[in-house]
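Q: Give me the fold of what follows.
(chains A, B and C)
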Amino acid sequence: MNDSYLRLCSWGGPIFCVLFLIGFIGFADFMPPISPANSAQEVADIYKNDATSIKIGLIFMMIATSFTMPFVSAIITRMKQMQNSSPTLVTTFVIVSAALSCFLFVLICSWAVSSFRADRAPEIIQAFNDFAFILLIWPVSLIPVSYIALGLAILADNKQQPIFPRWFAFLNFWFAVLAYGGCLLIFFHEGPFAWDGLIAFWIPAVAFFGWYIVTSVVLLQSKSPALEK
Amino acid sequence: MQLQQAHTSSLTKDIIIWFGLVVFTLISFVIGHEQSLSAEYATMAILLVSFIKVRLIIRYFMEVKYAPKALKIAFDLWCLIVCAMLIFILLFSSAI
Amino acid sequence: MSSSESTVALSTDSNNNHQAYLPSELGVWMFVFGDLLIFSVLFASYAWERVQQHSIFLISQNELSQTFGVINTILLLTGSLFVVLALHSARNNKLSQTKKLLLLAIATGVGFFINKVFEYKDKVSDGFTLLTNDFFMFYYMLTGIHLLHVCVGTGALIYLYKRLSCQGISTDNIKHLESGGIIWHMVDLLWIALFPLLYLIK
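A: Down below sits the predicted model:
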């Protein structure tokens, strides 16, 4: 079996992280996020003053998003090669990963709408900004399902030399727990559970990007069952 | 299997540990209601008692007592750091 | 990889020392540590907020019913004891006893859940919700996250019960029982740390 494309796609995760974070932190300056406690005028001023750098950042993030797709394809390939592989778990992983790409696309579009006509009514800018940040955090209620599906698939792989190491399954469960912290963000405008808080933003952010890095390392070390012999 | 049998703690020991944990729970409950103790001392006592309970559970119920050294040290460090951190934040951080 | 190194380190350690035995498997312990880490962060941010708004937290805390809290603590402790006893019976190859003890442990988990739901209902009918103040925000969030852990732990015990019913006792199933037990004890010890922070300290 030809593994070289899989290896190539395995780099999609780190590339996504680097490009996305360059856009998110370096250009758009969304780290820390625009506070949900800000007034409409404050939000509109941010978009008015930093319009160009925000737009450049969004372009980076959008291109970064495209790299998640080959990356998850590499994982799906490996999931299918596992002994005892369950089509249900693979499909769950596929659906959630595909949905995640859509979320990223729509949320970046929403930031783009905010910055596209930064001189319009502040309330409209604020509404699209809210929409984007809620769409950035709230998928943490969905993504963990893909981590859990991947983890269960790894545990079911009962070969002598499993495709992924077993500890990676438990790491996935842990990432799932970390990510769930943002589930209740719509209640809060400030504090640790608001969209710029420790539990809802910082910890899930570390889990989200950390997952791409660790998974990429594990993918690059994995071998096709046919090549093993 | 033999390995597991070798240090399987006896049934009575586990029940004694459980009894101790219940007694500790009631002690911290009483400290919580004790008016003669100053708030600082009560808080510190309650936290210390609960982390003793945590360590008992880790060592005897999770069987970390019989586990490799690395695991024992890691759990003890966690107990120590978290307990110290909580006491520090609750009692001394307002002075900063 | 550092973790594969630590696997080697752990296994050589247990070879040198006849006493050492790693229950369950490395991944489960990693998960437990990860979870403890998250809760440490939650505890710290709660403690920090508490110091900033001490009087509000103290007044709100007095609205909690400590009786509910103590009952729940004892329920979880007893559940932990049942899980430990179940593991011993499994190691001694007593299937029906293991299953009975597991059922009792599951019952304590369900009991905790029901008790918690009544406590929440009580608080909400008194007019205290997630948005009342920062104390109740932490109260609902911390106990809620913990309750989720209780559900997962109870689910794991139910899975183990079914597995034992179908397959009987084997070395493999004892490993699984150890893993389920460790998760359950972790849920227990998190509550042991959470209970005084929310209900008791002054």
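Q: neighbours around the closest residue to chain A within chain C, how many?
A: Proximity of chain C to chain A (Cβ to the nearest Cβ) peaks at C:Gly27, 3.4 Å away. All C-beta spots, glycine's among them, are computed from the backbone N, C-alpha and C. A total of 24 residues lie near C:Gly27 under the criterion other Cβ atoms under 10 Å in any protein chain shown.
Q: any idea what sits nearest it, other than its immediate chain neighbours?
A: Leaving out its chain neighbours, the residue that sits closest to C:Gly27 by Cβ to Cβ, 6 or more residues apart in numbering or on different chains is A:Phe170, at 3.4 Å.
Q: looking at it, that neighbour is touching C:Val32, isn't it?
A: No - A:Phe170 lies out of contact with C:Val32 (Cβ atoms under 8 Å); the separation is 9.0 Å.
Q: Assign A:His189 to one of the three secondary structure states.
A: coil (DSSP: H, G, I helix; E, B strand; the rest coil).
Q: returning to what we had before: the residue of chain C closest to chain A is in contact with A:Asn172, isn't it?
A: No - in this structure, C:Gly27 is not within contact of A:Asn172 by Cβ under 8 Å, at 9.7 Å.
Q: Overlap of the contact sets of these two?
A: Here C:Gly27 and A:Asn172 have no joint contacts, going by Cβ atoms under 8 Å, 6 or more residues apart in numbering or on different chains.
Q: What strand or helix carries C:Asn173?
A: Applying DSSP states H and E as the criterion places C:Asn173 in helix C:171-195.
Q: er, A:Asn2 I mean
A: Here A:Asn2 is assigned to no helix or strand, by DSSP H and E.
Q: Over to A:Asn158?
A: Counting by DSSP H and E, A:Asn158 is part of no helix or strand.
Q: could you measure it against C:Gly155, distance?
A: 22 Å (Cβ to Cβ, to the nearest Å).
Q: between those two, who's got more neighbours?
A: C:Gly155 (14 against 10).
Q: Where does pLDDT dip in chain B?
A: B:1-9, B:95-96 (pLDDT under 70).
Q: Which residue ranges of it form helices?
A: Remark: helices assigned in chain B by DSSP state H are B:2-6, B:11-33, B:39-56, B:69-87.
Q: same deal with chain C?
A: According to DSSP H, the helices that chain C contains are C:2-16, C:26-52, C:54-61, C:66-91, C:95-125, C:134-167, C:171-195.
Q: Make CSV from these and add mean pLDDT to it.
A: Supplementary listing: the helices of chain C in CSV, determined by pLDDT from 0 to 100:
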stretch, mean pLDDT
helix C:2-16, 42
helix C:26-52, 93
helix C:54-61, 92
helix C:66-91, 93
helix C:95-125, 95
helix C:134-167, 94
helix C:171-195, 94
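Q: who wins for proximity to A:Arg117 among those helices?
A: Among the helices of chain C, the nearest to A:Arg117 by Cβ to Cβ is helix C:134-167 (36.6 Å).
Q: My read is that C:Gln61 contacts C:Leu198, right?
A: Yes - look at C:Gln61 against C:Leu198 with Cβ under 8 Å: they come within range, at 7.1 Å.
Q: what's next to stretch C:98-106, contact-wise?
A: Taking Cβ under 8 Å, 6+ apart as the rule, stretch C:98-106 contacts C:79-80, C:82-83, C:85-86, C:89-90, C:154, C:157-158, C:160-161, C:164-165, C:169, C:177, C:184.
Q: Likewise for stretch A:68-76?
A: In contact with stretch A:68-76 (Cβ under 8 Å, 6+ apart) are residues A:6, A:8-10, A:12-13, A:16, A:90, A:93-94, A:97-98, A:100-101, A:104, A:150, A:212, A:215-216, A:219.
Q: in that stretch, what's buried?
A: A:68, A:70-76 (16 or more other Cβ atoms under 10 Å in any protein chain shown).
Q: Sort out which one of those lies nearest A:Lys223 for me.
A: Using Cβ to Cβ, those come closest to A:Lys223 at A:Ala74, 13.1 Å.
Q: distance of the closest one from B:Ser50?
A: 46 Å.
Q: again, but for A:Gly191
A: If you go by Cβ to Cβ, the gap between A:Gly191 and B:Ser50 works out to 25 Å.
Q: neighbour-wise, which of those two wins?
A: For the pair A:Gly191 and B:Ser50, the greater number of neighbours falls to B:Ser50 (26 against 20), based on other Cβ under 10 Å.
Q: The nearest residue to the more buried one once chain neighbours are set aside: neighbouring residues, count only.
A: Distances taken as Cβ to Cβ, 6+ apart place C:Pro196 nearest to B:Ser50, at 4.6 Å, with adjacent residues excluded. Neighbourhood size, C:Pro196 [other Cβ under 10 Å]: 26.
Q: C:Pro196 against B:Ile46, yeah?
A: Yes - counting by Cβ under 8 Å, C:Pro196 touches B:Ile46, with 4.7 Å between them.
Q: Give me the common contacts of these two.
A: Contacts common to C:Pro196 and B:Ile46, judged by Cβ under 8 Å, 6+ apart, are B:28, B:32.
Q: and A:Ile34, which of the three is it?
A: Strictly by three-state DSSP, A:Ile34 counts as coil.
Q: tell me the contacts of the residue positioned nearest the centre of chain B?
A: In chain B, the residue lying closest to the centroid (Cα atoms, centre = their mean) is B:Ile52, at 2.3 Å. B:Ile52 sits next to B:Phe24 when contact means Cβ under 8 Å, 6+ apart.
Q: before we move on, back to that, so which of the contacts of stretch A:68-76 also contact chain B?
A: Subset of the contacts of stretch A:68-76 in contact with chain B: empty, counting by Cβ under 8 Å from any Cβ of the partner chain.
Q: In strands only, show me these.
A: Residues of those located in strands (DSSP state E): none.
Q: Tell me which of these fall in helices.
A: A:6, A:8-10, A:12-13, A:16, A:90, A:93-94, A:97-98, A:100-101, A:104, A:150, A:212, A:215-216, A:219.
Q: Mark which of those are buried, thanks.
A: For the ones in helices among the contacts of stretch A:68-76, buried by 16+ other Cβ under 10 Å: A:6, A:9-10, A:12-13, A:16, A:90, A:93-94, A:97, A:100, A:104, A:150, A:212, A:215-216, A:219.
Q: thinking again about what came up before, got a list of what the residue of chain C closest to chain A touches?
A: So C:Gly27 contacts A:166-171 (Cβ under 8 Å, 6+ apart).
Q: Tell me the residue of chain A that sits nearest chain C?
A: A:Phe170 (3.4 Å).
Q: and that residue, how many neighbours?
A: That count, for A:Phe170 with other Cβ under 10 Å as the rule, works out to 23.
Q: Enumerate every residue touching it.
A: A:151, C:27-28, C:30-31.
Q: Give me the pLDDT for it.
A: The model reports A:Phe170 with a pLDDT of 94.
Q: Any residues of chain C in contact with chain A? List them.
A: Residues of chain C lying near chain A (Cβ under 8 Å from any Cβ): C:1, C:3-4, C:7, C:25-28, C:30-31, C:34-35, C:38, C:41-42, C:45, C:49, C:130-131, C:134, C:137, C:141, C:145, C:148.
Q: For ChimeraX, what selects the buried ones among those?
A: Only the buried entries of the residues of chain C next to chain A go into this ChimeraX selection, using 16+ other Cβ under 10 Å:
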select /C:7,25,26,27,28,30,31,34,35,38,41,42,45,49,130,134,137,141,145
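Q: Around the nearest residue to B:Phe29 once chain neighbours are set aside, how many other residues sit close by?
A: Excluding the flanking residues, the one nearest B:Phe29 by Cβ to Cβ, 6+ apart is C:Val70, at 5.7 Å. Neighbourhood size, C:Val70 [other Cβ under 10 Å]: 19.
Q: Distance of C:Val70 relative to C:Val124?
A: For C:Val70, the distance to C:Val124 - Cβ to Cβ - is 21 Å.
Q: What of A:Gly151?
A: Distance from A:Gly151 to C:Val124, by Cβ to Cβ: 35 Å.
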